[in-house]
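1. got a sequence here, can you model it:
(2 chains)
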Amino acid sequence: MKQKLESLLLHAVEALKTEAVIARELNPKINIERARDQQHGDFASNLAMMLAKPAKMNPRQLAEKIVALLPADTSVTKVEIAGPGFINFFIDPNAQYQIITHIHEQGDKFGLSQVGAGKKVQVEFVSANPTGPLHVGHGRGAVYGSAVADLLTAVGFDVQREYYVNDAGRQMDILATSVWLRYLEECGEVLTFPSNGYRGDYIREIAAKLHRESNNEYRHTVDLVFEDIPADEHQGGDKERHIDALIVRAKTLLGDKQYRDVFQAGLTEILADIRHDLSDFGVDYQQWFSERQLMDDGSIDEALARLREAGHLYEKEGAIWFASSKLGDEKDRVVIRDNGQSTYFASDIAYHMNKLDRGFEQIINIWGADHHGYIPRVKAAMQALGADPEKLKVLLVQFAVLYRGGEKVQMSTRSGSFVTLRQLRSEVGQDAARFFYAMRKSEQHMDFDLKLATSKTNENPVFYVQYAHARICSVLRQLAEKELQRDIQAGEVSLDKLTEEQEINLVSSLTRYPEVLERAALQHEPHLLINYLRELAAEFHAYYNAHQFIVEDAGLRNARLNLITAVKQVLANGLNLLRINTPEVM
RNA sequence: GCGCUUGUAGCUCAGCUGGAUAGAGCAUCGGCCUUCUAAGCCGAGGGUCGCAGGUUCGACUCCUGCCAAGCGUACCA
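-> Now for the predicted structure:
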């Protein structure tokens, strides 16, 4: 309908040109919007206001001229000029009603489109360090990322979802060492656990399992392990130096092979846990990309070689630096430390080179907001590798600040004091958790009160939408109980009987669904879809309370049933897309 | 200090990429179940859109400057 009006206005613009009202070279962008207020019709255009200046006319006069030049169309019943010069279009309700039949024909395909057809897009999200179970902070990125990916798929993009596994680096060494120390405790050794180690109970579980399967082969005496290790923080020392020394000690006492075993035991266990957790939450990936693989297969060396060839690397104070400040970053960055080890950033350069080589037209990274300072250097790296930095789109997700009854909950993976995503899912429920996370704009700081979410689950808006769906199902069950048959064709020919205010609102909302989906996808804003579903549900509930669907008049009854089953279909399509259940009974 | 994000009703948040009288939920108050599920509906109150300028037919939306909050500003990942 929008496109139709657009072509009508385009005709009028051409006519204005022939009449020399506006210059021939002028190609105004035709803006058509849905009117916010019903008094303003169904659609409105601000064309006259935009052309008023170049045409040197007052907008209302120009609007009249445009309207006069508008070709006639049967689906447009009235065109009005209002306010400062808006052109308002009133659409024939009968033309709008066709959407109901259309929805029934399309079924679960209704709303899908092909605007992204043929375009390969990658969405990388969550990518939390595998040092512990996912906590509620990761949940937001998980839902947002998967929803963005699903939306892009729905509008035709070829989407690849990926999790970048940071299975290398110091954090992982701290994890491995933590596992080992707990393992020693399992063996019967008594020790003081480092304050900077991972203290969560899951570490003990991994250690216990390793102990059961290992037969004490990784055991060393505490005296040997802690011999000459610098003091920990609570002993008046430095916790970083303490843990680093313990890592070195673990590597020397265990040797490469055994250290690797312990390291792998922790990594495998935690990664499997993360994978299951996400999968249960409706979040799946095509690929789990290993950072260590980049080191092992020479990708980092290759990426750095490419940068060196292009003249972007230099040496200073024993380290190798990437001259990112020349490409928009605020300062240069180290890629090889003075001890010869590559930095995390070097891995990331290699990782992004790899993404580019895989031929994605767009690369979407979903990061926690604390990584925002990282964006310029990655874009600089892409540019230095000869790629268009615009290919990379980084979407930031703000932290969810957790409250429990007004009290802020402090979280830290290291100390083991955090609320896991799994806990949240079981407390507030899968659907509510997904809905709640997706409900807010990603860049909005979010307050998440656990007490509120858990104690008053009935007030969660997800139930409101699901309830609309269940109610429609219930009406259909009632129909059967009253031994009435639904006659879809009889409904179709009687659609013009749908003249109530709520019916007109619903039909108008149904026609909006494909537009909402496309916008939500292209702008990476799943919350738009949520808002839409809430509005549609609200209109349905209002309708439900105002009118009876199962009425004597068979034509009206079937027309109404056609309408509400169309509503049910759209609610289901939207909820399914968000991977939220569509209960038939509540 | 500099940079990114945010600031809208008592609280939590929308606001269709510059449009017409700024909306919803919760909370408060008042109504609606012998008729398809009251996890619902109808209504009332509640606002200097952080502050001050600017851009234009028109600004919550764009620009500038302040103020406040969060985050960042590593040879950590």
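
2. can you list the domains in chain A?
-> Annotated domains of chain A cover A:2-91, A:170-275, A:460-577 [automatic domain parsing].

3. can you put those domains in a markdown table and add mean pLDDT and distance to RNA strand B?
-> Bear in mind the C-beta positions are built from the backbone N, C-alpha and C, glycine included. Below are the domains of chain A laid out as a markdown table (pLDDT from 0 to 100; distance: least, Cβ to the nearest atom of the strand, whole Å):
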| stretch | mean pLDDT | distance to RNA strand B |
| --- | --- | --- |
| domain A:2-91 | 84 | 3 |
| domain A:170-275 | 94 | 4 |
| domain A:460-577 | 94 | 3 |
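
4. now the ones you listed in JSON lines, with distance to A:Glu427 and mean neighbour count?
-> Output for the domains of chain A, formatted as JSON lines (distance: least, Cβ to Cβ, whole Å; neighbours: other Cβ atoms under 10 Å):
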{"stretch": "domain A:2-91", "distance to A:Glu427": "39", "mean neighbour count": "16"}
{"stretch": "domain A:170-275", "distance to A:Glu427": "18", "mean neighbour count": "17"}
{"stretch": "domain A:460-577", "distance to A:Glu427": "12", "mean neighbour count": "18"}
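
5. adding distance to A:Asp348, write these out as JSON lines.
-> What follows is the domains of chain A, written out as JSON lines (distance: least, Cβ to Cβ, whole Å):
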{"stretch": "domain A:2-91", "distance to A:Asp348": "39"}
{"stretch": "domain A:170-275", "distance to A:Asp348": "15"}
{"stretch": "domain A:460-577", "distance to A:Asp348": "22"}
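
6. of all those domains, which one is nearest A:Glu124?
-> The minimum distance between A:Glu124 and these falls on domain A:460-577, with 13.3 Å, by Cβ to Cβ.

7. measure the closest one end to end?
-> End-to-end distance for domain A:460-577, by Cα to Cα, to the nearest Å: 19 Å.

8. cool, stretch A:440-459 as well?
-> Using Cα to Cα, the two ends of stretch A:440-459 sit 16 Å apart.

9. what mean pLDDT does it have?
-> The predicted model assigns stretch A:440-459 a mean pLDDT of 72.

10. does A:Glu6 really touch A:Glu33, like I thought?
-> No - with contacts counted by Cβ atoms under 8 Å, A:Glu6 stays clear of A:Glu33, the gap being 11.5 Å.

11. and the gap between the residue nearest to A:Leu385 when sequence neighbours are not counted and A:Leu294?
-> Spatially, and ignoring its direct neighbours in sequence, A:Leu385 is nearest to A:Met353 (5.5 Å; Cβ to Cβ, 6 or more residues apart in numbering). Look at A:Met353 and A:Leu294: by Cβ to Cβ, to the nearest Å, they are 9 Å apart.

12. equivalent analysis for A:Val79, please.
-> 61 Å.

13. got it, and A:Leu253?
-> On the measure of Cβ to Cβ, A:Leu253 and A:Leu294 end up 28 Å apart.

14. again, but for A:Trp321
-> A:Trp321 is 20 Å from A:Leu294, by Cβ to Cβ.

15. of those two, which one has the most company?
-> A:Leu294 (25 against 18; other Cβ atoms under 10 Å).

16. what's the helix or strand for that one?
-> Assigned by DSSP states H and E, A:Leu294 belongs to helix A:291-296.

17. repeat for A:Val248
-> helix A:239-280.

18. likewise for A:Ala20?
-> Residue-wise, A:Ala20 maps onto no helix or strand under DSSP H and E.

19. phi first, then psi, for it.
-> A:Ala20 adopts backbone torsions of phi 60, psi 30, taken as degrees, to the nearest 10.

20. swap in the one 10 residues further on?
-> Dihedral angles of A:Ile30 (phi, psi; degrees, to the nearest 10) stand at phi -80, psi 120.

21. wait, it sits on A:Ser45?
-> Yes - between A:Ile30 and A:Ser45 there is a contact at 6.9 Å, judged by Cβ under 8 Å.

22. overlap in contacts of those two?
-> Taking Cβ atoms under 8 Å, 6 or more residues apart in numbering as the criterion, A:Ile30 and A:Ser45 both touch A:Leu9.

23. could you look up the SS state of A:His524?
-> Following DSSP: H, G, I helix; E, B strand; the rest coil, we place A:His524 in the coil state.
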